[in-house]
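Undergrad: this one's sequence-less:
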Ligand code: AGP
């Protein structure tokens, strides 16, 4: 994630931008920068490093002006350097932009711009935005028109904010998909835009949230809104509670809802600096792993608990399928006591969003005692798991407040898929064309997740239907079996309804005795190599009078015809189907819990981190 702030009003912009960036720094802190429109030209300061370093740099200079933008960066394409820091500035210095998201088609856009003579100062995808907007303004468009026209040419979820000396006293902001929201703050003689509410509260509690496809135009005297066609949009100004928790929740009724909605931007942050579009490769330099070391590996053992175990199971599937190394996932509390046969030729991967789960840490200690190589996959840098492991892959999901893990599971699966591809290349099992295809498929994930997290109505209706049941069965096959387990866990932990996840093929070996119209069966059956098998399972359930809720690929015309309810995921390659199939599992459980007046953020008997055995 990145942090974005913009200000226009009577006060000097620089101090306001710096203070806001300190509030936003949790969203990313590889680099930071501001751009302020001065009397003549643009004053820009940007550094690799924390906001403090930026503040020191700004103090040494007289960055004056009352309209400005700022950004904290979680490195995207291109390393952590001053020149890759945002804001990005047009060649003649008349315009500056900041961006949160991935420009999926930036290679072709960049080639076009270079062919037209534009010179690039950075290695980032974001820089194409400022040159495209500059071109439109040089053709006579105003700032918001230049932004609208550019938005229609880029692919991928995004939040963009811009200002220009040729259209003074104005900042514009745009939201596309869910890569990162933009909140607009209504002030007296001043107006602001920010990635989240916390940065606005020192100045105003009158706000409006931008929806996808909307553009905000802020001047000292007002805030107006248009759509991508330039038509006026009427936005409801809301007054928010000033409490930090309410502010942190923003427009969402629960943190879990917010964190489900944040998954596109969490996935974006997780992928950044790890997928190299230009070379079509996966890069995980933090592992410091050589091809020789990978070739010596005889097995990969993934360990975790709860949701993290389910992510580990999906990861084991990907590692074995792609890297062709024997891989398995184990419940950490079992692993630690069973005298596992592992050693220096074993790679142990501990999946733990908190990095503090007692059973997982104990299993890691056991692996260390047996001299296995260890990686931690976690959200929390500096957690105990990172101190035991030889190397760490951070999730970059952003703080997860809800006890039920949502966005951290998505990021765990993304990280483990990246690991599978990386190991595959180092072992010579992944041809360059397959790796390039995988890079493109992963780059599309934030946009596809965005489409998912905006489809809530169907879930509310379905939740009304199933909230009165006492038992639910979840069925999945292959890489989607762990998602069946996760769907069942979510329903148990926040709605308190008994639910079981089963490998679909296992149903006939027992659970089928329980099938009835009082036990709805939820089937994960997107279009993939196991679809026909899932069709058979659906027929077996229907033949016994069971009610079936199916998770299907948009446009399905097979299983959709014989089930009682269908929820849809975008048509997507099998590599990213587990991440997309997770969203229906989360939303269904969330809406059932809310329908039953449960608190999804603080479910009974549970804790966010189980630091005891
Ligand atoms: C899942 O929603 C729960 N929060 C719980 O199962 C959790 O996944 C488990 O306790 C593991 O936590 P960790 O990822 O922090 O190790």
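TA: Done, it's in. Note that this is a predicted model, so its numbers are computed, not measured. Numbers count the residues shown, from 1 in each chain.
Undergrad: all contacts plus neighbour counts: C-alpha atoms, from now on.
TA: OK.
Undergrad: Three-state assignment for residue 135, please.
TA: Residue 135 falls in the helix class when you classify it by DSSP: H, G, I helix; E, B strand; the rest coil.
Undergrad: who in this structure is up against the ligand?
TA: Where the chain comes near the ligand, counting by CA under 6 Å from any ligand atom, the residues are 305-308, 352-355, 357, 403-405, 608-610.
Undergrad: what's the following helix or strand after the helix or strand containing residue 318?
TA: Secondary-structure element containing residue 318, defined by DSSP states H and E: helix 306-323. Sequence order places strand 327-331 as the next helix or strand after helix 306-323, per DSSP H and E.
Undergrad: Paired strands for that next one, with orientation please.
TA: Each strand that pairs with strand 327-331, with its direction, by DSSP bridges: strand 299-304 (parallel).
Undergrad: ok, how many other residues are close to residue 431?
TA: By other CA atoms under 10 Å, the residues close to residue 431 number 10.
Undergrad: Report the secondary structure state of the closest residue to residue 32 other than its chain neighbours.
TA: Of all residues beyond its chain neighbours, the one nearest residue 32 is residue 72 (4.4 Å), with distances taken as CA to CA, 6 or more residues apart in numbering. For residue 72, the secondary-structure state derived from three-state DSSP is strand.
Undergrad: Report the separation between residue 72 and residue 326.
TA: Using CA to CA, to the nearest Å, one obtains 41 Å as the distance from residue 72 to residue 326.
Undergrad: again, but for residue 36
TA: Relative to residue 326, residue 36 is positioned 55 Å away (criterion: CA to CA).
Undergrad: Can you pick out the residue with more neighbours from those two?
TA: Set side by side, residue 36 and residue 326 show unequal neighbour counts under other CA under 10 Å, the larger going to residue 36 at 30 against 16.
Undergrad: In contact with that one, which residues?
TA: Under the criterion of CA atoms under 8 Å, 6 or more residues apart in numbering, the contact list for residue 36 reads 13, 14, 42, 43, 44, 63, 64, 65, 66, 67, 68, 69.
Undergrad: The first one - how many residues pack around it?
TA: To tie it back to what came earlier, the one meant is residue 13. Counted with other CA under 10 Å, residues neighbouring residue 13 total 24.
Undergrad: Please name the nearest non-neighbouring residue to it.
TA: Nearest-residue entry for residue 13: residue 66, 4.7 Å, with adjacent residues in sequence omitted and distances by CA to CA, 6+ apart.
Undergrad: Tell me who's in contact with that neighbour.
TA: Shown here is residue 66, whose contacts under the criterion CA under 8 Å, 6+ apart are 7, 8, 9, 10, 11, 12, 13, 14, 36, 37, 38, 169.
Undergrad: Out of those, which sit inside strands?
TA: When the contacts of residue 66 are checked against strands (DSSP state E), the matches are 7, 8, 36, 37.
Undergrad: count of neighbours near the second one?
TA: So that's residue 8. The burial count for residue 8: 30, using other CA under 10 Å.
Undergrad: next one: the first one
TA: A count of nearby residues for residue 7, using other CA under 10 Å, gives 31.
Undergrad: wait, is residue 97 part of a strand?
TA: Yes. The secondary structure assignment for residue 97 places it in a strand, going by three-state DSSP.
Undergrad: what residues are up against it?
TA: Taking CA under 8 Å, 6+ apart as the criterion, residue 97 is in contact with 69, 86, 87, 88, 89, 129, 130, 160, 161, 162, 163.
Undergrad: centroid residue for this protein?
TA: The residue at the geometric middle of the chain, judged as the C-alpha nearest the mean C-alpha position with CA atoms, centre = their mean, is residue 266 (2.1 Å).
Undergrad: any low-confidence regions in the stretch 451-600 of the chain?
TA: Across the stretch 451-600 of the chain, the ranges flagged by pLDDT under 70 are 454.
Undergrad: Nearest residue to the closest residue to the ligand within it in space, please, no chain neighbours.
TA: With CA to the nearest ligand atom, the shortest gap between the stretch 451-600 of the chain and the ligand falls at residue 490, namely 6.3 Å. Distances taken as CA to CA, 6+ apart place residue 589 nearest to residue 490, at 5.8 Å, with adjacent residues excluded.
Undergrad: so residue 594 sits right up against residue 601, yeah?
TA: No. Under the contact definition of CA atoms under 8 Å, residue 594 does not touch residue 601, with a separation of 10.4 Å.
Undergrad: quick one: residue 504 from residue 481, how far?
TA: 8 Å.
Undergrad: ditto for residue 83
TA: The spacing between residue 83 and residue 481, counted by CA to CA, is 45 Å.
Undergrad: now do residue 172
TA: 45 Å.
Undergrad: what does residue 314 give?
TA: Here residue 314 is placed at a distance of 8 Å from residue 481 (CA to CA).
Undergrad: which one of the two has more residues nearby?
TA: Using other CA under 10 Å as the criterion, residue 314 and residue 481 rank with residue 314 on top: 26 against 23.
Undergrad: these two touch, right, the more buried one and residue 479?
TA: Yes. In this structure, residue 314 is within contact of residue 479 by CA under 8 Å, at 5.4 Å.
Undergrad: Name the residues contacting each of these two.
TA: Common neighbours of residue 314 and residue 479, using CA under 8 Å, 6+ apart, are residue 578.
Undergrad: ok so, going back, average pLDDT for the helix holding residue 318?
TA: Confidence over helix 306-323 (mean pLDDT, whole number) is 98.
Undergrad: can you pull the buried residues of stretch 595-609?
TA: For stretch 595-609, the neighbour count (16 or more other CA atoms under 10 Å) marks 595, 596, 598, 599, 600, 601, 602, 603, 608 as buried.
Undergrad: Please list all residues in contact with the fourth one.
TA: By CA under 8 Å, 6+ apart, the contact list for residue 599 reads 494, 593.
Undergrad: Name the SS class of it, please.
TA: Classification of residue 599 into helix, strand or coil gives coil, according to three-state DSSP.
Undergrad: lowest-confidence helix or strand of the chain?
TA: Of all the helices and strands that make up the chain, helix 244-249 has the lowest average by mean pLDDT, DSSP states H and E, namely a mean of 66.
Undergrad: Packing partners of the very next helix or strand once past it?
TA: Scanning forward in sequence from helix 244-249 by DSSP H and E, the next helix or strand is helix 255-261. With contacts defined as 3 or more CA pairs under 8 Å, 6 or more residues apart in numbering; DSSP states H and E, the secondary structure elements packing on helix 255-261 are helix 445-453, helix 577-595.
Undergrad: Now distance to residue 280 too, for the ones you listed, in CSV please.
TA: Shown next, in CSV, are the helices and strands packed on helix 255-261 (distance: least, CA to CA, whole Å):
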stretch, distance to residue 280
helix 445-453, 16
helix 577-595, 20
